[in-house]
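Any chance you can model this:
(2 chains)
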Protein chains: 2
Amino acid sequence: MADKKKLVEEITSMEEDFARWYTDVVIKAELVDYSSVKGCMIIKPYGYAIWELMQAQMDARFKATGHENVYMPLFIPESLLQKEKDHVEGFAPEVAWVTHGGSEPLPERLCVRPTSETLFCEHYAKSVHSYRDLPKLYNQWCSVVRWEKTTRPFLRTREFLWQEGHTVHATAEEAVEETERMLNVYAEFCENVLNMPVVKGRKTESDKFAGAVATYAIEALMHDGKALQAGTSHYFGDGFARAFDMTFTDKDNTLQYMHQTSWGTTTRLIGALIMSHGDNSGLVLPPKVAPTQVIVIPIAAHKPGVTEKAQALCERLNGRFRAKVDNTDNSPGWKFAQYEMKGVPIRLEIGPKDMEKDQCVLVRRDTREKVFVPLAELEETVERLLDEIGKNLYARALDNMEKRTYACTTIDEINAVRAEKGDGFIKAMWCGDEACEDAVKEQTGVGSRCIPFAQEKLSDVCVCCGKPAKHMVYWGIAY
Amino acid sequence: MADKKKLVEEITSMEEDFARWYTDVVIKAELVDYSSVKGCMIIKPYGYAIWELMQAQMDARFKATGHENVYMPLFIPESLLQKEKDHVEGFAPEVAWVTHGGSEPLPERLCVRPTSETLFCEHYAKSVHSYRDLPKLYNQWCSVVRWEKTTRPFLRTREFLWQEGHTVHATAEEAVEETERMLNVYAEFCENVLNMPVVKGRKTESDKFAGAVATYAIEALMHDGKALQAGTSHYFGDGFARAFDMTFTDKDNTLQYMHQTSWGTTTRLIGALIMSHGDNSGLVLPPKVAPTQVIVIPIAAHKPGVTEKAQALCERLNGRFRAKVDNTDNSPGWKFAQYEMKGVPIRLEIGPKDMEKDQCVLVRRDTREKVFVPLAELEETVERLLDEIGKNLYARALDNMEKRTYACTTIDEINAVRAEKGDGFIKAMWCGDEACEDAVKEQTGVGSRCIPFAQEKLSDVCVCCGKPAKHMVYWGIAY
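Modelled structure (predicted):
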C-alpha cells in the first residue's frame, strides 16, 4: 500500500487548507487544467463528462416543462447592451470587447456575451406579435464571459459554461409562476441528481440581477461552512419589455408589454459538488453524475483468467451502469487511490480467490464499506449501493448544513457564533433596510445570502437596528 | 385548399432562383432568424432541434471510436496563434480581436477562436510526456468565429457551431489512420443519418487547411449542381508538434515529436440537407434528424372524439417515434402546408370516417404518397415508411449526383458541358501542377473540389496542359 499512501499524501488536507485542498482535487482528479489564457480553464475529459451528465439530466427537466433550446449570437453590439439602464451598469464593467474583425476596426464595438437578455429581448420584440405567440419558453446552452479579477476553477472563471433560460409571458402571474417553477426544478435537480440540499429564497434588493424586479436563488453550504449560490431565477416584470419595446396584442386587441423571466446555472455546480461531498482522499461523486459508476480492478492480475474475468464483469455491468475496467500494469494499491481521488462511487475487486467462490468485492467510496457479493447478485447489489450512496451523500450534506446553521438575535451573538463555530449559515431577523444589511456585513463579516421561502420568526426585531423585523434572512460568507 | 396555396406561393421556386428559395426555406421553416449582429444568426428551436439530433448521433460515433469531449477556452492569445507560421497566415485575416476587458486595455490581444489547434497543441505539449499517454483522442463541441465578408444562414456565418476533433499519436501511421477513420465516420453519418451521398477525397495543395500536411474532405452535390464541402479531416504530420515543442519519450527512451490530426463538421450540414432534399413546398427532412417524425392532424376536428383521438394517436406513437399533434384551430389545409414547409416526414390524418373504419391516413412528405392504414398496424407502418423515406431521399440525392457528374477530357468539353447542362461535378484528369488548377478555374469557372479516393483513368493527360496526368479530380462550383 506504499503507492497508495504516496498518492494521497500529494493533496493538502481539508482541515489544513480548504482552498488548497480544492485546487489539489480539481487538478489531481483530472477535472481541469490551466491554459495560457488567464482566468480561463481547460475542462478535461473527466470534468467535461460530469458536465455532460448534468446537462443531459437538467435538459430533460427543461424539456419536460415545455422549454425549447435555441442558439443566440456570441456577440452583443454595444448599443444593444445599453438599452436597459440597470443591466448595462451591472455588466459593462466586466465584459470583453471586440474591436477588430481581421485587420479592420469595427464600426461599433461588440461585447462577448456576459449573459444574453438583450439578444433575447430583441428577438422577442421582433417575433412575438399576439397573445397566441405566448409564452415563449427558450433556453440556451453556451459559454459566457465576465472579466473577473480573481479566478478559481469552476467557481469563478472569465469564461464559463452555463445554460440561460429566457421566457416571455402574457401576464405577470404566469411569469412569476415560471420563475418559481424553474427555481424548483433547480432545487430538485440539486437534491436528487447532485445529492446536495439547498435553501430556496429571494435575494435582497442589493443582491439581485441587474435589471430584475426580483431574483430567487438556491443556496448550498459547502464543507467549510461557506455558502455557494447554485442557481438563480429572475423575474423581470416588464422592465426589459419597456426598454426593448416588447409588445403584443392581447385578447381584447390592446397592446401590452410582455412579462419576462430568466434563469441560469453554470459549471460552478461542479465546484459545488466537489466542496459538498469531497474528502481528504479526493472527489466523491454523486452516482447520477459519475462518469464511471463502477471501476473494476483485477487483483493478482497475473493469475490465469483474472484479467479476462475483470473485463467480462465490466462488460456485464455496462448494459445497466457506467462501468470501466483498469487492466493497466499499475499496482492495485495505486489504482485504489487513483479511483478514490476521482470519486468513483463503487470499486469492484476481483481476484483468484473471489473467482473460486463465484463472488467479488464491492467497496463504497463514501463509507469505504466493503462487501462480498455473489456474482449472481451483482447487478441488484450495485443498483442498491448506488442508490444508498446517493442518499447517504445527501444525508451527510444535509447534516453538515443543519449543524452549521445558527440562529442569532443580536450582532454580538453572530460574532460569538462565528468566533466559536467558524463559517456557516446565520439565521437572523432583518428590518428590510439596506443600511442594516451593510452594517451586519461590516460588523460580522457575513452578507445576506437570501430571504428563505421557509420563514421562521426568531424574534420581532431586526438583528441590527432593533426596529420591527420584516424577514428572516440567511447570512453567510459566499463563494 | 385556398390556405395551402397561399402559403406555398410565399416561397420562391427553386427553378426561378435557388438562392432565394434557400433563404425563403430557412426563414419559413423557422430554422433561423436574423439578429442585429451582422453575419451572425439566431438558431430557432426547430433549427436547433435538428442540430441536437445531428450532435447526438455524431457524438455517439465519436465516443464509439474512443474519443472524449473536452472544453478549451474561447480566447487565444495573439502570441499563441502566431506560433505556427502557415496557421497564423491562414487565420489572422479573419479573426475577431478582443482588446479590452471592462474598461482596461488588455496587455495582449486575444482572438476569438476561429479553430482551436493552437490551444490543443499547447495543452498536449504540457500534458503528454510518455508514449503511455498516447494517443489522446479529444473532441470539442463549441462555436467559432471567422470574420467573413458575405454571409448566408448555415452556409457561411461569422459565428457557427461545430465540433473539432484534435488527436495526437505516437506514430505517423496511427495519425494517418485516424484521419481516414474520421473521414469515414463523417461519410457514413452523411449517408445513413442525413441520407446524403458524398465523395471522399483529398484536397489539392492549394486548398488544404492552414498548417496541414494533407486535408481530406467529403463533398456533396446540392440540388442546383453546386458542391458543398460537408466535413474535413486533416493530417498534420509533426508540423504543429515542432512549432509547439510537442514531444514525448518513446519506448526506446528517445524524445519524439507527436503526430497529429484534426477534423471538423459544422452547422453548415443543416444547409447541406436543405439543399439536398428540399423542394418547392419547403424542407424535406431525413427521418433520423427530423425533430417531428409524424405530425398528427385531426380532420373535421369539431366532430365528437376527433381531437381526443388525434391526441391519443400522438401519445401512442410517442413511445417509439417523435410525434406531435396539431390541435390548433387553423384549417387542415393550412396545417398540411405548414408541416410540408417544415419537412415533417409523415403526416397522419384522422377524421370521423377513419375512426369508423379504425384506420388513419398516412402521407409521405417525400413522394406525397397517401396510404390508408388500419390502426392496428400503425407502428409497424410508420417504422417502415420512415425507413423507406430515408432510403428514397438517399437514392434521389445519389441520382442527382450521378446525373450531374460529367467526365471531360478537354477544357472545351468542360465549357460545353457547363453551357449545356449547368452546374455539377466535372471529372477530369490533372497533372498535379497548381498552374493548371488555376487555369482550369479561370477558363471554365470550376475549381478543384477533391482528388477522390475512387480514382478512374479518363485519359493519360492533364485536361489543361496535356502533360501526363497524375490524378483524376472532381471539379465544381463550391458553396
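
same for the longest helix seen in chain A, what does it pack against?
Longest helix of chain A, by residue count under DSSP state H: helix A:378-403. Applying 3 or more CB pairs under 8 Å, 6 or more residues apart in numbering or on different chains; DSSP states H and E, one finds that helix A:378-403 makes contact with strand A:214-221, helix A:268-277, helix A:306-318, strand A:346-350, strand A:359-364. All C-beta spots, glycine's among them, are computed from the backbone N, C-alpha and C.

what does the stretch 151-300 of chain A put close to chain B?
Residues of the stretch 151-300 of chain A lying close to chain B by CB under 8 Å from any CB of the partner chain are A:158-159, A:161.

List phi and psi for A:Asn280.
Recorded main-chain torsions at A:Asn280 are phi -70, psi 0, according to degrees, to the nearest 10.

Kindly list the main-chain dihedrals of the residue lying closest to A:Trp430 once chain neighbours are set aside?
Spatial nearest neighbour of A:Trp430, chain neighbours left out: A:Val473 (4.6 Å); criterion: CB to CB, 6 or more residues apart in numbering or on different chains. When read as degrees, to the nearest 10, the backbone of A:Val473 gives phi -120, psi 140.

next one: A:Val294
Residue torsions, per degrees, to the nearest 10, at A:Val294 are phi -130, psi 120.

how close does it get to A:Leu81?
From A:Val294 across to A:Leu81, the span is 48 Å (CB to CB, to the nearest Å).

More neighbours: which of those two?
Just comparing A:Val294 and A:Leu81: by other CB atoms under 10 Å in any protein chain shown the higher neighbour count belongs to A:Val294, 27 against 21.

That one against A:Arg322, yeah?
Yes: counting by CB atoms under 8 Å, A:Val294 does reach A:Arg322; the two are 7.5 Å apart.

May I see the buried residues of stretch A:381-395?
A:381-382, A:385-386, A:388-390, A:392-394 (16 or more other CB atoms under 10 Å in any protein chain shown).

got it, and stretch A:204-217?
Neighbour-count burial for stretch A:204-217 [16+ other CB under 10 Å]: A:204, A:207-217.

what pLDDT, on average, does that stretch get?
Stretch A:204-217 carries an average pLDDT of 94.

List of residues touching it?
Under the contact criterion CB atoms under 8 Å, 6 or more residues apart in numbering or on different chains, stretch A:204-217 has outside partners A:84, A:86-87, A:89-91, A:117, A:179-180, A:183, A:200-203, A:229-237, A:239-240, A:262, A:434, A:437-438, A:447-451, A:473.

So which of those sit within helices?
A:86-87, A:89-91, A:117, A:179-180, A:183, A:239-240, A:434, A:437-438.

Closest one of the residues you listed to B:Pro105?
The closest of the ones in helices among the contacts of stretch A:204-217 to B:Pro105 turns out to be A:Phe91 (CB to CB; 18.7 Å).

so that closest one makes contact with A:Pro114?
Yes: counting by CB under 8 Å, A:Phe91 touches A:Pro114, with 4.8 Å between them.

From chain B, how far off is A:Met355?
Look at A:Met355 and chain B: by CB to the nearest CB, to the nearest Å, they are 29 Å apart.

Doesn't that residue belong to a strand?
No: A:Met355 is assigned helix when assessed by DSSP: H, G, I helix; E, B strand; the rest coil, not a strand.

Now do the same contact list for the closest residue to it other than its chain neighbours.
Excluding its sequence neighbours, the residue lying closest to A:Met355 (CB to CB, 6+ apart) is A:Lys309, at 5.8 Å. By CB under 8 Å, 6+ apart, the contact list for A:Lys309 reads A:298, A:350, A:355.

which ones are touching the nearest residue to A:Gly432 once chain neighbours are set aside?
Nearest residue to A:Gly432 in three dimensions, chain neighbours excluded: A:Lys470, at 4.0 Å (CB to CB, 6+ apart). By CB under 8 Å, 6+ apart, the contact set of A:Lys470 is A:430-432.

Same check on A:Gly225?
Counted by CB under 8 Å, 6+ apart, A:Gly225 has contacts A:404, A:421-424, A:476-477.

same thing with A:Phe189?
A:57-58, A:61.

and those residues, which are buried?
By 16+ other CB under 10 Å, these give A:58, A:61 as buried.

overlap between the contacts of A:Phe189 and the residues near chain B?
Of the residues in those, proximity to chain B by CB under 8 Å from any CB holds for none.

Of all the residues in the stretch 151-300 of chain A, which one is nearest chain B?
The stretch 151-300 of chain A approaches chain B most closely through A:Glu159 (5.1 Å), counting by CB to the nearest CB.

quick one on the thing from earlier: could the contacts of A:Lys470 be laid out in a markdown table, adding neighbour count and secondary structure?
Below are the contacts of A:Lys470 laid out as a markdown table (neighbours: other CB atoms under 10 Å in any protein chain shown; DSSP: H, G, I helix; E, B strand; the rest coil):
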| residue | neighbour count | secondary structure |
| --- | --- | --- |
| A:Trp430 | 23 | strand |
| A:Cys431 | 19 | coil |
| A:Gly432 | 16 | coil |
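
can I get these in TSV with pLDDT?
Shown next, in TSV, are the contacts of A:Lys470 (pLDDT from 0 to 100):
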residue	pLDDT
A:Trp430	98
A:Cys431	97
A:Gly432	96
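
orientation of the longest helix of chain A relative to strand A:359-364 in degrees?
20 degrees (axes from the mean of the first three to the mean of the last three CA atoms, to 10 degrees).

helices and strands around the helix or strand following helix A:378-403, which ones?
Sequence-wise, the next helix or strand downstream of helix A:378-403 (DSSP states H and E) is strand A:405-407. Helices and strands touching strand A:405-407, by 3+ CB pairs under 8 Å, 6+ apart, are strand A:425-430.

starting at the chain centroid, how far to the strand it packs on?
24 Å (CA atoms, centre = their mean, to the nearest Å).

in the strand or helix carrying A:Glu188, what counts as buried?
Secondary structure here is read from DSSP H and E; on that basis A:Glu188 sits in helix A:172-192. Using 16+ other CB under 10 Å as the test for burial, helix A:172-192 gives A:174-176, A:178-183, A:185-187, A:189-191.

ok, of the contacts of stretch A:204-217, which come out buried?
Buried among those (16+ other CB under 10 Å): A:84, A:87, A:90-91, A:117, A:179-180, A:183, A:200-203, A:229-237, A:239-240, A:262, A:437, A:447-451, A:473.

before we move on, the earlier item: can you tell me which of the ones in helices among the contacts of stretch A:204-217 is nearest A:Asp133?
A:Phe240 (17.0 Å).

Quick check: closest non-adjacent residue to that closest one.
A:Phe240's closest residue in space is A:Cys121 (CB to CB, 6+ apart), at 5.1 Å.

same thing with A:Leu317?
A:Ala323 is the one closest to A:Leu317 (CB to CB, 6+ apart), at 3.8 Å.

now A:Ala29
A:Leu283 (4.5 Å).

before we move on, the earlier item: strand A:346-350 and the longest helix of chain A, what's the angle between them?
Going by the same axes, to 10 degrees, helix A:378-403 makes 140 degrees with strand A:346-350.

Would you reformat the buried residues of stretch A:381-395 as CSV and include pLDDT?
Listed next are these as CSV, based on pLDDT from 0 to 100:
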residue, pLDDT
A:Thr381, 98
A:Val382, 98
A:Leu385, 98
A:Leu386, 98
A:Glu388, 98
A:Ile389, 98
A:Gly390, 98
A:Asn392, 98
A:Leu393, 98
A:Tyr394, 98
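
for A:Val95, phi and psi?
phi -110, psi 160.

Tell me if I'm right that it and B:Gly102 touch.
Yes: using CB under 8 Å, A:Val95 is in contact with B:Gly102, at 6.6 Å.
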